[in-house]
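S.K.: Sharing a model prediction with you, sequence too.
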Amino acid sequence: MKKMITLMTEEISKAFEKAGYDPSYGRVTLSNRPDLCEYQCNGAMAGAKAYHKAPMVIAEEVAALLADSPVFKKAEAVRPGFLNLTVREDFLSGIMRQMEEEKCLGVEKAEKPKTIIIDYGGPNVAKPLHVGHLRSAIIGESLKRMGRYLGHQVIGDVHLGDWGLQMGLIITELRHRKGDLPYFDEAFTGEYPKEPPFTIADLEEIYPSASARSKEDEDYKNEALEATAQLQHGRRGYMALWHHIIDVSVSDLKKNYANLDVSFDLWKGESDAQPYIPDMVQRLKDEGFAYEDQGALVVDVAEENDTKEIPPCMILKSDGASLYTTTDLATIVERMKLYHPDEILYVVDKRQELHFIQVFRCARKTGLVPDGTALNFLGFGTMNGKDGKPFKTREGGVMRLENLIAEINEEMFKKIVENRSVRDTDAQDTAKVVGLSAIKYGDLSNQATKDYIFDIDRFTSFEGNTGPYILYTIVRIKSILSRYTEEGGHIGEGAILPPESESEKALMLALQAFAQNMEAAFEEKAPHRLCAYIYEVSNAFNSFYHETKILSQDEPSRRQSLIRLLVLTERVLTEAISVLGFSAPDHM
RNA sequence: GUGCGUUUAGCUCAACUGGAUAGAGCGUUUGGCUACGGACCAAAAGGCUGGGGGUUCAAGUCCUCUAACGCACGCCA
C-alpha cells in the first residue's frame, strides 16, 4: 500500500501543478507545530524565489485548490508561507483499514532485494564474551532483522577471531601444562582423541595467563609466535588442537548469543579466509598494486583530496606473515566469490574506522570488489559506565556479558515480584524477557555512532523511555484484549471507524507512520529512529487509553472499532520490537 | 603534531536532513484511581544549542575561526 505521507504529498503536488508550479514543491512533512496542524508543506517558500512571487501568494493559491480534498480536512496558508494541513478523519480510518489487511503493516518489500552481508559479533575464540561485544551483537542483529523485514536477503556472519597469535598462545600454554599429549608429539601418526583435553572454563583461564606471560617472557612469546606459524602451516597436531578449541568455544558462544536472541547464518572466521590469501597476494603483486616498503608488502591507498595522510595498506609483514588487513581483504574475496553481495556492512567499534577505510580503498582500487558492491562501515561508540568511562565491574575488571545479563535479570526479577500481587512461577522467565528488552532498548535507543552511558537503574526502570515501559504497554493491550474475549467478544468483527477524539486520532496518526519509520531507520542504519517511533506510539496509546472507555463502550460498532484499533496497535508495537530483537511476555 | 568525532535543560538523550515557540525521559513541584493493569495519565518550572564571526527570507543543522574532552594515526586485532 502507499504510505499516507506519499498520498498527502501527491495530493499537494497535484495542487501545485494545477496552480502552475512545479509539483516537486508539494513535499509534505510532519508538523513541527502540533498545536497548529498535523502536517505541513513548505514548498511555497522554496518556490518563492523561482517564481518571483511572495510565498504567501503561492501558498494561498495552493490552499484554495485543496478546499474540498478527500485527504485534508483543512489546508490553510499561514504567515510567511507555510501550508498547515489537517487530515480528514474518514481518510485516516481508511488508511487504518488498509494497514490491518497487510501482513507487514504497510511496509513495502524492496523492489530489488539486495544481498547484504552484515559482519557483526566479532568475538574471539577461547575468550569469554564481554560487554565490548554487546553493541555489535545488538546493533547488527537489529539491522539484519530490519533488512529482512524490508525484503532484502541479509546474511549475518559472526566472523570469529580464530586465527591470530592468540591461538599460538593457547597452544603454547597447553604444551607447558600438558606436554605429554599426543598433539605435541611430531612423530605421532595415529588418531587424536575425539574429546577435547580442556573445557571452556579451562580455556578462559588459559588464554589470559598465556597472554600475561608472553608480555614478560620473551622466550615464551617467541614460542607462541612459532606455534602460530606452525599452525598456519598446517601442523597436524596443532590443527587437531585448534579444532578442539573452536568446537568448545563456538558451542559456548552460541549459547551466549542465544541468550541475547542473536543468531548468525554464518559462523565463519578469520581462518576461513586463509586459503584465499596466497592467490590474492600474488595477484596484487602481479598487477603492480603491491610493492615492498621497509620489508613489508604494501598497497598505497592515499587519495588526492585526503585531508590527512592515509598510510598505505599493509598486506604482509616484513617477516612474510599475514595480518588483520590481509585477512579482511581475503574475507572480502571469499564473500564475493561465495555470495556476490550487493553490500557488505561491518558493524564494528568506531575506533577501527581508519583500518576499514584502508581495507575498503584497497579492495576497491585493486578490483577485489566491483563497483556494484557497496562496502560500508557502521562504527559504534563505547559503552560507558555512569562515570563516563568505559564500563567495568565494580572491581575495575572487564565485565563478562553473562554476568551483566545475570545482574539485569536479577534486578528485573526483584521489580516484577515486588509489583505483583500473585507470585507466579514464571517470574524468572518473565524477568529474562523484560531484562533483555532493558538491555537492547537501552542500547538501541541511543545513536549507534556515539558513546553512551549504560545505566542499569535507568534501563530497567518501568518509567520513561525504556524497554520495560514499551513492554508494559503491550502487555496492557494484551490484557484488555484477552478480557474482551473472555467476556464473549470476538476480535475481528466490525471495522475501524473514523476517530472520535483527539487522542484517538493521534494514535492513528502514529500507527500510520510505521512503514515510513521502519524504512528510514534501515536506510540510515539508525535503530534509534525505530525506538523513538515505538516510544511515540506507546505514549499515544497510553493517553488514548486513559481517556477512552473501551470494554464498557455501549455502541457495539464503536466498541468493535476500538478493539480493532487495539489489535492494530499491538501488532505495530510487537512487529517493531521484534525487529529490534526482543519480545513481550503475556503478563509481567 | 595531524586527522576524525563529541559538546543541546541539573542528569541521560532527541530534533524526520535548512523551517514557525529547540522536544522527551529522569529528577523537582502540583493535580488525577467507583471504567478495561496507577508499572499509568495530566500539568508547571527548567535553554544565549561550548564561544566568536559568516552564508539567507529562515541555522542546533551549512562555512570559518576558537576552546574543552574523547578517539585514531604501518608490521596487534
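M.R.: Perfect, I can see it now.

S.K.: So which residues on the stretch 1-150 of chain A come close to RNA strand B?
M.R.: Listed as neighbours of RNA strand B in the stretch 1-150 of chain A under the rule CB under 7 Å from any atom of the strand: A:29-33, A:35-37, A:40, A:42, A:45-46, A:49, A:78-80, A:82, A:84, A:124. Just so you know, the C-beta spots here come from the backbone N, C-alpha and C atoms, and that holds for glycine as well.

S.K.: Quick one: the helices in the stretch 251-400 of chain A, in order.
M.R.: Ranges of helices within the stretch 251-400 of chain A are A:270-273, A:277-286, A:324-339, A:353-365, based on DSSP state H, counting those that start in this stretch.

S.K.: Take those and write them to CSV, including distance to residue A:573.
M.R.: Converted to CSV, the helices of the stretch 251-400 of chain A look like this (distance: least, CB to CB, whole Å):
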stretch, distance to residue A:573
helix A:270-273, 39
helix A:277-286, 47
helix A:324-339, 34
helix A:353-365, 35
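
S.K.: need the strands for the stretch 1-150 of chain A, in chain order.
M.R.: Ranges of strands within the stretch 1-150 of chain A are A:28-30, A:39-41, A:72-78, A:82-87, A:115-119, based on DSSP state E, counting those that start in this stretch.

S.K.: how about those strands, which one is nearest residue A:160?
M.R.: With distances scored as CB to CB, the stretch of those nearest to residue A:160 is strand A:115-119 (11.0 Å).

S.K.: Please list all residues in contact with the residue nearest to residue A:161 when sequence neighbours are not counted.
M.R.: Residue nearest to residue A:161 in three dimensions, not counting chain neighbours: residue A:124, with 3.8 Å by CB to CB, 6 or more residues apart in numbering. Contact analysis of residue A:124 by CB atoms under 8 Å, 6 or more residues apart in numbering lists A:160-162, A:166.

S.K.: and these near RNA strand B, which?
M.R.: Among the contacts of residue A:124, the residues lying close to RNA strand B (CB under 7 Å from any atom of the strand) are residue A:161.

S.K.: And the buried ones among the contacts of residue A:124, selectable in ChimeraX?
M.R.: With 16 or more other CB atoms under 10 Å as the criterion, this ChimeraX line picks the buried residues out of these:
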select /A:160,161,162,166
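
S.K.: so what pLDDT did residue A:453 get?
M.R.: pLDDT, residue A:453: 95.

S.K.: if I read this right, it contacts residue A:385, doesn't it?
M.R.: Yes: contact criterion CB atoms under 8 Å: residue A:453 and residue A:385 qualify, at 7.1 Å.

S.K.: In which helix or strand does residue A:483 reside?
M.R.: Here residue A:483 sits within helix A:467-486, counting by DSSP states H and E.

S.K.: check whether that helix contacts RNA strand B.
M.R.: Yes: remark: helix A:467-486 sits within contact range of RNA strand B at A:468-469, A:472, A:475-476, A:479-480, A:483, by CB under 7 Å from any atom of the strand.

S.K.: ok, and the most crowded of these?
M.R.: residue A:468 (24 neighbours; other CB atoms under 10 Å).

S.K.: what's the neighbour count on the residue nearest to that residue when sequence neighbours are not counted?
M.R.: In this structure, residue A:468 finds its nearest non-sequential neighbour in residue A:462, 4.7 Å apart by CB to CB, 6+ apart. Using other CB under 10 Å, residue A:462 has 18 neighbouring residues.

S.K.: State the mean pLDDT of stretch A:184-201.
M.R.: If you average the pLDDT over stretch A:184-201, you get 93.

S.K.: quick one: buried residues of it?
M.R.: Residues of stretch A:184-201 classed as buried by neighbour count (16+ other CB under 10 Å): A:184, A:192, A:196-198, A:200.

S.K.: circling back: drop anything exposed from the residues of the stretch 1-150 of chain A next to RNA strand B.
M.R.: Taking 16+ other CB under 10 Å as the criterion, what is buried in those is A:31, A:37, A:40, A:42, A:45-46, A:78, A:82, A:84, A:124.
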